[in-house]
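Participant: let me see the structure of the following:
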Amino acid sequence: MQIITLTSDWGLTDHYAASVKGKIMAAVPGAGVVDISHAVKPFNLRQASYIIKNSYTDFPEGTIHILAVNTVHDGSQKNAVIFYRKHYFIGTDNGLLSLIFDKTPEIMRELDPPATKGTFSSVEQMIETARQIVSGKSLEKIGKPKEQLAKQLHFKPVVTDESIRGLVIYVDNYENVITNITEHLFRENMKGRKFKIECRSEQITKINNNYPDVPTGDIVAFFNRSGHLEIAINKGNASGLLGLQVDDPVSINFS
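Facilitator: Down below sits the predicted model:
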């Protein structure tokens, strides 16, 4: 069974997600359509990239991922189809694709602009591209070669001899706070020294393994499944209680 995932910033209140899922099922009968998320904040490419990067590898090779975030077609941006690590990605080249891939994809193809403007003309083109892939059409016969993707810059931590200065990149549904500081970066710079994680007025001096490592209501810091520093409150809401939102600073100071 062909699996097609769908990620969007449409929310679940309106009919948009259901309508597009219906269109996919009509275009590719028998396909398994899986929602990754429709709760991406409108036009938030960095949030969408974090969600997709941390989910697509759990799907079987050959899965097609339709990325419908900030898809309104105004003629300035074109859709693209990408083959990367044995997965297909179809989305608007608005910067989102560049945030997902750590390396240059194996195949990149640019699609001609849809004949009409609007959100659904762009998405309908993505669905048609998925149908062509499922029917066996090679990517070399879809669109034209694409040399590079539109860039959306990652905010990288600033590293000095005494500190790593990063920021919050994602807040999940439990209000756990994820930063752009990775375990690799932390281990590379710790060098056996003591450290303090500082965010707002809080200081954390220990890295744990998971939420239950501290009593209920206490703050915990650990490196999550994606290798990013996560700050949480065991069975609590770290974002709200600590006043941490996306783009807020988080630092690790060494001594």
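
Participant: show me the strands in the stretch 101-250 of the chain, by range?
Facilitator: Using DSSP state E, counting those that start in this stretch, the strands of the stretch 101-250 of the chain run over residues 107-110, 144-145, 158-159, 163-171, 177-182, 195-199, 202-204, 219-223, 228-233, 249-254.

Participant: now the fourth one: buried residues?
Facilitator: Spelled out, it's strand 163-171. Residues of strand 163-171 classed as buried by neighbour count (16 or more other Cβ atoms under 10 Å): Ser163, Ile164, Gly166, Leu167, Val168, Ile169, Tyr170, Val171. Any C-beta I mention is one placed from the backbone N, CA and C, and that applies to glycine too.

Participant: now swap in stretch 77-95 and tell me
Facilitator: Using 16+ other Cβ under 10 Å as the test for burial, stretch 77-95 gives 77-84, 87-95.

Participant: just stretch 243-255 next, same as before
Facilitator: By neighbour count with 16+ other Cβ under 10 Å, stretch 243-255 contains the buried residues Leu244, Val246, Asp248, Val250, Ser251, Ile252, Asn253, Phe254.

Participant: same check, this time on stretch 34-52
Facilitator: When burial is assessed from 16+ other Cβ under 10 Å, stretch 34-52 yields the following buried residues: 36-38, 40, 44-52.

Participant: what does that stretch rub up against?
Facilitator: Stretch 34-52 is touched from outside by 3-12, 17, 21, 55-56, 59, 65, 67, 69-70, 94-96, 99-100, 152, 169-170, 173, 178, 226, 246, with contacts defined as Cβ atoms under 8 Å, 6 or more residues apart in numbering.

Participant: same deal with stretch 214-224?
Facilitator: Contacting residues not belonging to stretch 214-224 are listed as 178, 182-183, 186, 197, 202, 204, 206-211, 213, 229-236, 238, 242 [Cβ under 8 Å, 6+ apart].

Participant: can you pull out the helices in the stretch 101-250 of the chain?
Facilitator: 119-134, 183-190, 238-242 (DSSP state H, counting those that start in this stretch).

Participant: show me what the shortest one is packed up against.
Facilitator: To tie it back to what came earlier, the one meant is helix 238-242. strand 177-182, strand 228-233 (3 or more Cβ pairs under 8 Å, 6 or more residues apart in numbering; DSSP states H and E).

Participant: how about those, which one is nearest Pro157?
Facilitator: Closest of those to Pro157 is strand 177-182, at 5.4 Å (criterion: Cβ to Cβ).

Participant: for Arg200, give its distance to Ile4.
Facilitator: 41 Å (Cβ to Cβ, to the nearest Å).

Participant: and these two? Which one has more around it.
Facilitator: A count of neighbours by other Cβ atoms under 10 Å puts Ile4 above the other of Arg200 and Ile4, at 26 against 11.

Participant: so what sits opposite that one in the bridge?
Facilitator: When bridges are called by DSSP bridges, Ile4 pairs up with Val33, Ile64.

Participant: can you give me the pLDDT of it?
Facilitator: Looking at Ile4, its pLDDT is 98.

Participant: ok, now which ones touch it?
Facilitator: For Ile4, the contacting residues are Ile24, Val28, Ala31, Gly32, Val33, Val34, Thr63, Ile64, His65, Ile66, Ala130, by Cβ under 8 Å, 6+ apart.

Participant: buried ones from these, can you make that a ChimeraX selection?
Facilitator: Per 16+ other Cβ under 10 Å, the buried members of the contacts of Ile4 correspond to this ChimeraX selection:
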select :24,28,31,33,63,64,65,66,130
